[in-house]
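Asker: following is a predicted model, sequence given first.
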Amino acid sequence: MPLQFHLCIMDAAKRVVVRCVTVFLSLCISAVVIINLFYRRWKIGKDFFHVKTHVAPQVLLDPNLGIHNYIYLKNQGIKLHYIEKGDRDKPLMLLVHGFYESWFSWRHQLQEFSSDYWVVAVSLRGYGDSERPSKTSEYSLMKMVEDLREFTLALGKENCTFIGHDGGAVVGWTLVGKYPELFERFITCNASHPLVYRTHLRKSFKQMNKAWYVFFNQMPYLPELCLAVNDYEELSRFYSEGNKNAEIFTDEVMEAYKYYFSQKGALSVVVNFYRNIDFMSTLHIPKIKVPTLIIWGTEDTFLEKELAKLSALECEDVQLKYIDGAGHFVQQQEPVYMNKLIWEYLSITQ
């Protein structure tokens, strides 16, 4: 009993220290952000803090991208939106977007792979036209994992090829690790294994610096305001950083993202995942048994390149491919080359 009590005290002390450090970093970053916001308000004028609403651009309804549909997940109690393209009798390819995106981020892959696959791009809970719970606690990693598990089963296939980017791939690492029987292949784009990321964050000052947004997003209200001001300027900047292909994020494409994130509560959905992070989590993810392809844009402004190699160590059967010059949003910034890498991987893992 004394030893168990001692361990409980030590664990509680660690949690207090981690919480204090997290709050301190959040406050420091927020102070800089607030100063920057008011400087920009002074420079731009009174309309800076006016939050604009946007209407859906026609590109979101383009029939060439596929058919819009919904599934209600009984166990999870939530309705998810998805867009599908291709013959339902063909093998299933499931596409899962990141935390600052929507199904629309897979527009190039929906058209590319529908010749050989039934391609389904799902909108995570709260994103796009999926149901949007109001509570912060509804956006934890494990809720999203169980959403996608039930969603995959509901599509009626024995297994599928899972392709995820950013947060969608973070969910994917956990999902594929826990339920390998559901997946034939796992392809992840610029997203590290969550446990690898947590360990590396503690060791690397460079990654800590890149992860400023993780700590900033612990704050209430301010992150949403920061993303929305000056007609979603910060959101637009996220897409342009590390992007050498200026033609990808056209005004019409940006209008699609602005439309989705101008919906009531949509920006909180983005931030709430980070607010649910447990920096002392005891989450266990089994070694990835499913054949895995890691695709990594080398100019990622949010993640160190080293995370790709470290994540590969968590897989039994893995290939790692870099796309030189590509930024974080690799499937949108370099769709032709990325699609080529995916086709090559699909052909050798038949």
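Answerer: Cool, got the structure.
Asker: okay, CA-based contacts and neighbour counts for the rest of this
Answerer: Noted.
Asker: longest helix of the protein, counting residues only.
Answerer: In the chain, with assignment by DSSP state H, the single longest helix is helix 2-44.
Asker: in the helix or strand following that one, what counts as buried?
Answerer: Remark: after helix 2-44, the chain's next helix or strand is strand 67-73, criterion DSSP states H and E. Neighbour counts using 16 or more other CA atoms under 10 Å place His68, Tyr72, Leu73 of strand 67-73 among the buried residues.
Asker: burial check on Leu346, number of neighbours?
Answerer: 14 (other CA atoms under 10 Å).
Asker: pretty sure it is in a strand, no?
Answerer: No: counting by DSSP: H, G, I helix; E, B strand; the rest coil, Leu346 is not part of a strand but helix.
Asker: quick one: it from Ile163, how far?
Answerer: Using CA to CA, to the nearest Å, one gets 12 Å for the distance from Leu346 to Ile163.
Asker: over to Leu222?
Answerer: Relative to Ile163, and taking CA to CA, Leu222 is found at 32 Å.
Asker: kindly state the pLDDT recorded for Cys20?
Answerer: In this prediction, Cys20 carries a pLDDT score of 89.
Asker: and it, how many residues sit next to it?
Answerer: As a burial measure, Cys20 scores 12 neighbours (other CA under 10 Å).
Asker: what distance do you get for it to Ala31?
Answerer: 16 Å.
Asker: now Glu304
Answerer: From Glu304 to Ala31 the distance is 25 Å (CA to CA).
Asker: comparing those two, which residue is more hemmed in?
Answerer: Between Glu304 and Ala31, counted using other CA under 10 Å, the more crowded position is Glu304 (20 against 13).
Asker: list the contacts of that one.
Answerer: Lys206, Gln207, Lys210 (CA atoms under 8 Å, 6 or more residues apart in numbering).
Asker: report the buried members of those.
Answerer: Buried among the contacts of Glu304 (16+ other CA under 10 Å): Gln207, Lys210.
Asker: between the contacts of Glu304, which is closest to His81?
Answerer: Lys210 (31.8 Å; CA to CA).
Asker: report how many residues lie close to the closest residue in space to the closest one that isn't next to it in sequence.
Answerer: Counting by CA to CA, 6 or more residues apart in numbering, Lys210 lies nearest to Phe302, which is 5.1 Å off, once chain neighbours are set aside. Number of residues near Phe302 (other CA under 10 Å) recorded here: 20.
Asker: that concludes my questions; thank you for your assistance.
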